[in-house]
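[1] Everything below, folded, please.
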Amino acid sequence: MLRISPKQNETLQAYGIELWYHRLMAWLRHHAEPALAMDDPTLLALIKRQANRAAELGIESERGLAKWCYLAVVKGEGFENDSDVADVLNDPAYISADERIDTVLRFSED
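    Have a look, this model is predicted:
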């Protein structure tokens, strides 16, 4: 049986998150034109900042975070401070955080 120490588990989790961030960087460069102009350290720093900000609002799924980062790249960091966006993100009528970010994304495409 394989035994993994807590430290090894922590390292594996951190590595998995970094791999996902790099997949997200590639996805953003494919779907969000402004991401093409960003070098890796700049885009990675944006993703990490936005992951923390999104988590504060309950958006923690990979799917939700990808959409959040897309909006941050296309609309600019701080897009969530727009009053219409903030209204949706704080509306208790939405059942899940993913539902809120889907609504924000849908309205931003109009």
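
[2] got any ranges where this structure has weak pLDDT?
    Along the chain, the model assigns pLDDT under 70 to residues 110.

[3] Give me the most central residue, this structure.
    For the chain, the residue nearest the mean C-alpha position is residue 65 (2.6 Å; CA atoms, centre = their mean).

[4] Contact partners for the residue nearest to residue 36 when sequence neighbours are not counted?
    Once flanking residues are discounted, residue 36 sits nearest to residue 29: 5.5 Å by CB to CB, 6 or more residues apart in numbering. No exception for glycine: its C-beta is placed from N, CA and C like everyone else's. Counting by CB atoms under 8 Å, 6 or more residues apart in numbering, residue 29 makes contact with 35-36, 43.

[5] Selecting buried members of those residues in ChimeraX, what would you type?
    To isolate the buried ones among the contacts of residue 29 in ChimeraX, judged by 16 or more other CB atoms under 10 Å, type:
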select :35,43
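
[6] Mind checking which of the contacts of residue 29 land in strands?
    Using DSSP state E, no member of these falls within strands.

[7] Which of the contacts of residue 29 sits closest to residue 104?
    residue 35 (18.5 Å; CB to CB).

[8] these two touch, right, that closest one and residue 25?
    Yes: contact criterion CB atoms under 8 Å: residue 35 and residue 25 qualify, at 7.4 Å.

[9] Determine the longest helix present in the protein.
    The helix spanning the most residues in the chain, taking DSSP state H as the definition, is helix 6-31.
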